[in-house]
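A.B. asks: Sequence and predicted structure below; questions after.
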Amino acid sequence: MSVSDVDENEKRIVNEFCHLLEKSKQLFNGLRDLPQYGHKQWQAYFGRTFDVYTKLWKFQQQNRQVLDTKYGLKRWQIGEVASKIGQLYYHYYLRTSETNYLNESFSFYSAIKMRAYYSKANKEERPDLMVKKLRFYARFIVVCLLLKKMKLVRDLVRELAKQIEDYTSIYEPEDQLEWSLVLGEVKAFIEADSSVQVVDPDSSPIILSHRLHPLNTPPIEKGVPVYLTLQEILIVGNCHEQVKFSELTLDMFRMLQTLEREPQEELSNQLYDLSPAQGRPPFENGNDRISKRENTHKYLLYKPTYSQLNTFIASGFKELPPNGAMLVYMSADGSPGNPKHTDDVAYDYGGVVTNSKRDGEWFNKIKRPGTLKDMHCIHPGDLYPYTRKPLFLIVDSDNSGSFQNFPNLFGQPLVCLMSPEQVPTTMQDQHQKGNLFTLFLHSPLMAFCYVCNIVDVPISLWDKCQAQVEKFITEASRLFARSRSLDHSFMQFYGDDFLRLLMLRYVFCWVTLRLHIGFKGPSYYPSTHPPVPVDEILYQQMLHRMIFDLATSLEVRGLFAEVSESD
């Protein structure tokens with residue numbers, strides 16, 4: 001081959017790389033214009049984007065030498081491509097709820113770190129490159145948090161702190177306060193999520209997953225029919241004082257894990273040896289892997305306005321298949337109503353505020369503020385139209401009781417789990433660590449330890465106590481299936497693993513708080529609509545004995561007292 005042929009071939013390689021690079025950037029930037037709701041509108045676009053990035057990644061691998069010498073390809077540019085692919089997988093996880101895509105995202109991010117693609121970003125004398133590096137760390141931390149890789153999270157946080165220090169000392173940038181806030185947020189988030197720690201014999205913390213897996217899936221009585229399955233989930237968060245990171249409050253973070261199955265970590269033993277080039281795009285050979293869904297589709301909405309929330313609920317409602325159910329979970333500050341002047345339970349008992357912003361100056365100019373309701377307060381009446389299909393509602397708020405009089409207007413299955421409206425004074429300054437009711441739904445044993453002020457639990461004791469909790473859940477499941485006065489709505493949701501888990505953990509929460517001497521009165525206990533039968537389930541002596549046995553195992557029996565139905 002002549003010199004001119006070699007030059008021509010090298011020119012062709014550089015041109016093809018530039019074409020793929022530009023095409024990939026255009027497609028990636030177009031992702032933000034896609035609708036966040038619905039299932040079908042965005043899939044083809046994601047497929048094309050994955051396809052171009054796969055070609056780009058393989059092309060730069062196969063032609064690295066030419067690109068190094070003739071294009072001047074730098075390591076941070078390779079890292080940028082890998083970072084974009086990691087982001088693609090993460091956003092695909094957000095849109096599909098399939099946890100395996102988190103593993104794919106992790107494999108790319110970990111390769112960036114291991115191969116030190118951004119190691120020379122500090123020396124390029126370009127602040128925008130340093131910002132790319134900081135964003136990489138922040139995104140990698142989110143993925144590791146969701147995969148509960150906490151040792152790596154702590155390492156990354158330390159490295160991020162050092163990188164922010166370098167960035168601010170070299171460039172004295174305008175956004176240094178923003179990056180300090182990001183660092184503070186993630187540190188506070190990690191600390192709040194580890195208020196109860198399980199420790200090994202050397203007193204080192206052990207990280208446990210709280211996703212659903214075969215060992216913690218609650219049993220179902222033989223012969224119980226499966227009427228409905230959970231098909232759409234909305235997780236809403238707006239608690240003013242609660243820690244958050246990357247538009248996830250701690251409650252949202254806990255609930256999204258509770259409503260996912262444990263990932264099948266096909267790559268877990270080889271992630272560090274695997275080239276990211278082998279990361280599998282979701283649309284291999286034209287097949288849409290989402291059709292084999294392991295997890296229910298969900299939307300994560302941080303501080304949504306009324307119109308945003310209404311749009312997403314309507315989308316979930318529209319997508320519900322026959323025999324499908326929708327779950328709406330709201331963790332938000334309450335907005336009290338004015339029930340003295342009316343019997344209108346739809347709107348005058350208040351609700352929960354999903355966004356605190358005011359639209360313009362008009363808010364303060366209304367002449368009759370006494371009649372003015374919060375624009376972004378979700379009232380029970382706002383959800384009435386969506387009870388045309390099966391709806392399972394969870395409200396964790398200090399005004400959760402506003403949802404207790406839900407009328408069943410359309411005869412469809414409808415259940416609402418409501419948090420306690422009060423906590424003991426000793427716990428009132430702990431709001432930043434997440435709501436108690438959500439913690440019970442996420443990890444009953446962790447919540448039990450928390451209300452007993454237990455900070456560390458040896459792993460051997462934890463395993464023993466976890467077996468006692470599972471025994472309680474099994475007995476509660478038996479009582480549910482055999483109850484004659486339980487509203488039929490509960491049993492129509494009962495065949496779904498996730499909804500059954502939530503209902504039975506609700507019972508564990510109610511019995512624990514009812515027997516705990518620090519929780520004194522109905523406003524300190526959770527409630528349901530329709531009510532769970534007291535005599536057939538909640539006051540069953542077998543369940544109470546199991547709570548006492550658990551308290552004895554943890555050496556906190558003195559915090560619990562026997563009660564009767566008349567108390």
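C.D. replies: That came in fine, so what should we check first?

A.B. asks: what's around the nearest residue to residue 168 once chain neighbours are set aside, how many residues?
C.D. replies: Spatial nearest neighbour of residue 168, chain neighbours left out: residue 176 (4.3 Å); criterion: Cβ to Cβ, 6 or more residues apart in numbering. (Each C-beta comes from the backbone N, C-alpha and C, glycine too.) Summarising burial for residue 176: neighbours were counted as other Cβ atoms under 10 Å, giving 15.

A.B. asks: For residue 176, give me the backbone phi and psi.
C.D. replies: Main-chain torsions, residue 176, degrees, to the nearest 10: phi -70, psi -30.

A.B. asks: and what of the one 5 residues further on?
C.D. replies: The phi and psi torsions at residue 181 (degrees, to the nearest 10) take the values phi -70, psi -40.

A.B. asks: how close does it get to residue 163?
C.D. replies: Residue 181 sits 15 Å away from residue 163, going by Cβ to Cβ, to the nearest Å.

A.B. asks: go on, residue 61?
C.D. replies: Residue 61 is 27 Å from residue 163, by Cβ to Cβ.

A.B. asks: Looking at those two, which is more packed in?
C.D. replies: Between residue 61 and residue 163, residue 163 has the larger neighbour count (other Cβ under 10 Å), namely 20 against 13.

A.B. asks: just to revisit the earlier point, settle this for me: the residue nearest to residue 168 is touching residue 169, isn't it.
C.D. replies: No - if you go by Cβ atoms under 8 Å, residue 176 and residue 169 don't touch, sitting 9.5 Å apart.

A.B. asks: circling back to that earlier point, distance of the residue nearest to residue 168 relative to residue 138?
C.D. replies: Going from residue 176 to residue 138 by Cβ to Cβ gives 15 Å.

A.B. asks: again, but for residue 380
C.D. replies: The spacing between residue 380 and residue 138, counted by Cβ to Cβ, is 38 Å.

A.B. asks: One more: residue 520?
C.D. replies: Going from residue 520 to residue 138 by Cβ to Cβ gives 43 Å.

A.B. asks: next one: residue 247
C.D. replies: Here residue 247 is placed at a distance of 12 Å from residue 138 (Cβ to Cβ).

A.B. asks: The two - which one has more neighbours?
C.D. replies: residue 138 (17 against 12).

A.B. asks: In three-state terms, label that one for me.
C.D. replies: helix (DSSP: H, G, I helix; E, B strand; the rest coil).

A.B. asks: do the same with residue 334
C.D. replies: Once three-state DSSP is applied, residue 334 turns out strand.

A.B. asks: that older thread, and the pLDDT for the residue nearest to residue 168?
C.D. replies: pLDDT recorded at residue 176 is 86.

A.B. asks: by contact count, what packs against the helix ranked longest in the chain?
C.D. replies: In the chain, assigned by DSSP state H, the helix with the most residues is helix 3-30. In terms of contacts (3 or more Cβ pairs under 8 Å, 6 or more residues apart in numbering; DSSP states H and E), helix 3-30 is packed against helix 43-62, helix 64-66, helix 75-96.

A.B. asks: same thing but at 6 Å, please
C.D. replies: helix 43-62 (3 or more Cβ pairs under 6 Å, 6 or more residues apart in numbering; DSSP states H and E).

A.B. asks: Please spell out which residues along the helix it packs on are buried.
C.D. replies: 43, 46, 47, 49, 50, 52, 53, 54, 56, 57, 59, 60 (16 or more other Cβ atoms under 10 Å).

A.B. asks: which of those lies closest to residue 243?
C.D. replies: Nearest to residue 243 among the buried residues of helix 43-62: residue 46, at 31.2 Å, using Cβ to Cβ.

A.B. asks: Apart from its neighbours in sequence, what residue is nearest that closest one?
C.D. replies: residue 92 (6.3 Å).

A.B. asks: Count the residues that sit near that neighbour.
C.D. replies: Using other Cβ under 10 Å, residue 92 is surrounded by 24 other residues.

A.B. asks: And for the one 3 residues further on?
C.D. replies: Other residues lying near residue 95 total 22 when counted by other Cβ under 10 Å.

A.B. asks: Adjacent strands (with direction) for the helix or strand bottoming out on mean pLDDT in the chain?
C.D. replies: Counting by mean pLDDT, DSSP states H and E, the chain has its least confident helix or strand at strand 350-353, which shows a mean of 84. If you go by DSSP bridges, strand 350-353 pairs up with strand 324-336 (antiparallel), strand 377-378 (antiparallel).

A.B. asks: and among those strands, the most buried is which?
C.D. replies: Ranked by mean neighbour count, those are led by strand 377-378 with a mean of 26 (mean count of other Cβ atoms under 10 Å).

A.B. asks: And the next helix or strand past that one?
C.D. replies: Remark: after strand 377-378, the chain's next helix or strand is helix 380-383, criterion DSSP states H and E.

A.B. asks: returning to what we had before: need the buried residues of helix 43-62 in CSV with distance to residue 559 and pLDDT, can you?
C.D. replies: Shown next, in CSV, are those (distance: Cβ to Cβ, whole Å; pLDDT from 0 to 100):
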residue, distance to residue 559, pLDDT
43, 52, 83
46, 51, 89
47, 55, 89
49, 55, 94
50, 53, 92
52, 60, 95
53, 55, 95
54, 57, 93
56, 60, 95
57, 57, 93
59, 64, 94
60, 61, 92
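
A.B. asks: Return the closest of those residues with respect to residue 498.
C.D. replies: Nearest to residue 498 among those, with distances taken as Cβ to Cβ, is residue 43, at 24.1 Å.

A.B. asks: residue ranges with poor pLDDT in this structure?
C.D. replies: Filtered on pLDDT under 70, the chain yields the residue ranges 1-6, 122-124, 264-293, 339-342, 357-373, 564-567.

A.B. asks: mind listing the strands for the protein?
C.D. replies: For the chain, the strands defined by DSSP state E cover 197-199, 205-206, 229-238, 244-245, 248-249, 297-302, 324-336, 350-353, 377-378, 391-396, 414-418, 456-458, 527-529.

A.B. asks: Serialize those strands to JSON lines and add fields for distance to residue 552.
C.D. replies: Below are the strands of the chain laid out as JSON lines (distance: least, Cβ to Cβ, whole Å):
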{"stretch": "strand 197-199", "distance to residue 552": "19"}
{"stretch": "strand 205-206", "distance to residue 552": "23"}
{"stretch": "strand 229-238", "distance to residue 552": "36"}
{"stretch": "strand 244-245", "distance to residue 552": "37"}
{"stretch": "strand 248-249", "distance to residue 552": "35"}
{"stretch": "strand 297-302", "distance to residue 552": "38"}
{"stretch": "strand 324-336", "distance to residue 552": "32"}
{"stretch": "strand 350-353", "distance to residue 552": "38"}
{"stretch": "strand 377-378", "distance to residue 552": "42"}
{"stretch": "strand 391-396", "distance to residue 552": "29"}
{"stretch": "strand 414-418", "distance to residue 552": "28"}
{"stretch": "strand 456-458", "distance to residue 552": "15"}
{"stretch": "strand 527-529", "distance to residue 552": "28"}
